[in-house]
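**Student:** no letters, just coordinates:
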C-alpha cells in the first residue's frame, strides 16, 4: 500500500495550541465551575486523615509479642483448616474430618477474639469514628459524581474522538496486515519477521521493567513522600489480573473475528489476519482480487483517518480541560516527587530506546522521532496510544518503512510492546511496597519483574490495564492491594506519559525490524 506524499500540515500546531488552551481552561474551571465540588472533596480528604489519626490510638497493640504469636497461630490454623477441607472427599473417616474442620473454625474465632482484645477497636468511641469516616466517604463520592457530571461536556469531546479512532483501528489493522502478509508471499517470511519482532519486543519489555525497578530503588519515592496510607482492607474498585495459561490463549485466539473487531481486540484481529493473509498468499492469483479490494479499503480507511484527525484539537482541549479541572494544583503538590521521578524515568527510557535504535537504524532514528511528534503529542494529550495508531502507521511509511512490515509489527506492538506501561508497572508496584514500609528483597523483585512480564501480555485492550496488572501483582506478593488507591488520583497524569512512550517504543521497534529485513527506504523529505 503506497502512501502519497504528505502536504504540510498544521495539525501539530493546532494540537499544541489546544493543549495549552486546555491547561489554562482547566485551571479556571478548577477554581470556578467545579470549585465547590473540589473544595468539598479536599475537605473530605483532610477530615478522613484527621479521623484516621484519631483512630490510631485505639488500634495500638497492647502486647506486640502476644499479638505476633496469635497471628502465627491464626495462619497455621487457617492452613490446617484449608488442608482438612481439601482432603474431605479423600478422607477415610468423613465424620472425623468434619469434626476437625469445626474445631479449626472454633479455634479461629477464639484467636480473632484474642486479637481484638489486644486493641481497643471494640471501643464505642472507635466505632463512632468509623461511622463518621464512612459518612464522609459517602459525601466525598457524591461530590466526585457531581464534579464528573459537570465536566461531561468536556470529556465527551475526547470520548467522541476516541470512539471514532476505535471505529477505524480494527478494519485498518485487518486490511493492512492481510495485504502486507499476502505480499510477503509465504509463511517462512512471516515466521522470520515475527521472530525478529518478538525478539525486540521481549528485550525492550525486560529493559523497561528493569529500568523501572532500578529507578524506584534509587529514588525511593514511597519512603520520601510520607503519604497517609489507605487501610489494607479498603476496596479499590479494580479487578485483579488473575491470568492463567488458559485465559492467555483464550485472549489470543478469537472465537469470532466479528466479536474481536467489535471489541477492538487487536491481538485476536492480528491472529485472524495472519491466517487470512497466509492463505491468500497460498491461493495465489485466485486471491489477488480480494487482496486488491482490501488494499483499496485500507486506502479508504486512511482517508477516513485524515477526516477524523481534524477533530483531534477539540479532543485534546476537552481531555486536558477535564483532567486539570479535576486534579488542579493540589495533587501536583502532594505527588510532585512521584510524578517528577516517574517522568524522569520516562525520559531516561526514551534515551535508552533511541540509543538502542541508533545502534541498528543509525542517526535516522532522530528523524523518526521528529516525524512522530504529532502522534506522540496526540497520545500524550488523550492518554491513549490507540488514538495515535493510524497517524503512527502513516508516518512510519513516510519515514521509509515498507507497508508490509508496518502493518505486521505495529499492531503486535500494541499488545506486546507497551514500554511506558511496562516501566510504570515495576515503578508503581515497588512504590506501593515502599509506602507500606515493606522491604522487598532483590530476588523477590526480580521474580515480580518476570511475573509482570507475563501477566501484562494478556490484557491488551482492558480498561486501566496497567492498574489491573499491578493489583494482581500486589496480591501475588502479599503487598496490600489498597495501596492502588495512592495512584488512582494521579493515574490520568501518569497515563499521558505512558501513552506517549508507547508510541515512541513501537515506532522505533518498527524501524528496527524494517532495517533487519532490509526494508527501510529513504522515505520522504521533510
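**Tutor:** Perfect, I can see it now. As the structure is a prediction and not an experimental result, all values here were calculated from the model. Numbering: from 1, shown residues only.

**Student:** what comes into contact with the strand or helix carrying residue 303?
**Tutor:** Assigned by DSSP states H and E, residue 303 falls within helix 288-309. Here helix 288-309 makes contact (Cβ atoms under 8 Å, 6 or more residues apart in numbering) with 1, 3, 11, 161, 164-165, 168, 171-172, 174-176, 178-179, 182, 280, 390-391, 394. All C-beta spots, glycine's among them, are computed from the backbone N, C-alpha and C.

**Student:** specify the next element, helix or strand, located C-terminal of the worst-scoring helix or strand of the chain on mean pLDDT.
**Tutor:** The helix or strand of the chain with the poorest confidence is helix 330-334; it has a mean of 69 (mean pLDDT, DSSP states H and E). Of the helices and strands lying after helix 330-334 in sequence (DSSP H and E), the nearest is helix 336-361.

**Student:** same for that next one, what does it pack against?
**Tutor:** Counting contacts by 3 or more Cβ pairs under 8 Å, 6 or more residues apart in numbering; DSSP states H and E, helix 336-361 packs against helix 187-219, helix 221-224, helix 364-371, helix 419-435, helix 491-516.

**Student:** I'd like those helices laid out as TSV, including mean pLDDT, distance to residue 145 and mean neighbour count.
**Tutor:** Shown next, in TSV, are those (pLDDT from 0 to 100; distance: least, Cβ to Cβ, whole Å; neighbours: other Cβ atoms under 10 Å):
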stretch	mean pLDDT	distance to residue 145	mean neighbour count
helix 187-219	91	34	18
helix 221-224	81	30	17
helix 364-371	93	41	18
helix 419-435	91	26	26
helix 491-516	92	17	24
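
**Student:** now those in a markdown table, with distance to residue 452?
**Tutor:** Formatted as a markdown table, the helices and strands packed on helix 336-361 follow (distance: least, Cβ to Cβ, whole Å):
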| stretch | distance to residue 452 |
| --- | --- |
| helix 187-219 | 6 |
| helix 221-224 | 17 |
| helix 364-371 | 27 |
| helix 419-435 | 5 |
| helix 491-516 | 14 |
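
**Student:** which among those is found nearest to residue 272?
**Tutor:** Residue 272 lies closest, by Cβ to Cβ, to one member of these: helix 187-219, at 13.8 Å.

**Student:** off-centre distance for that closest one?
**Tutor:** 17 Å (Cα atoms, centre = their mean, to the nearest Å).

**Student:** so which elements touch that helix?
**Tutor:** Helix 187-219 is packed against helix 152-184, helix 266-283, helix 336-361, helix 403-416, helix 419-435, helix 442-455, helix 491-516, with contacts defined by 3+ Cβ pairs under 8 Å, 6+ apart.

**Student:** kindly reformat these as CSV containing distance to residue 319.
**Tutor:** CSV is the format used below for the helices and strands packed on helix 187-219 (distance: least, Cβ to Cβ, whole Å):
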stretch, distance to residue 319
helix 152-184, 4
helix 266-283, 22
helix 336-361, 18
helix 403-416, 20
helix 419-435, 17
helix 442-455, 28
helix 491-516, 9
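
**Student:** quick one: closest of these to residue 311.
**Tutor:** Evaluated over the helices and strands packed on helix 187-219, closeness to residue 311 peaks at helix 152-184, with 5.2 Å, by Cβ to Cβ.

**Student:** secondary structure element for the most centrally placed residue in the chain?
**Tutor:** Among the residues of the chain, the one closest to the centroid is residue 466, at 2.7 Å (Cα atoms, centre = their mean). Assigned by DSSP H and E, residue 466 belongs to helix 465-476.

**Student:** quick one: that helix to helix 419-435, angle?
**Tutor:** Going by axes from the mean of the first three to the mean of the last three Cα atoms, to 10 degrees, helix 465-476 is angled at 40 degrees with respect to helix 419-435.
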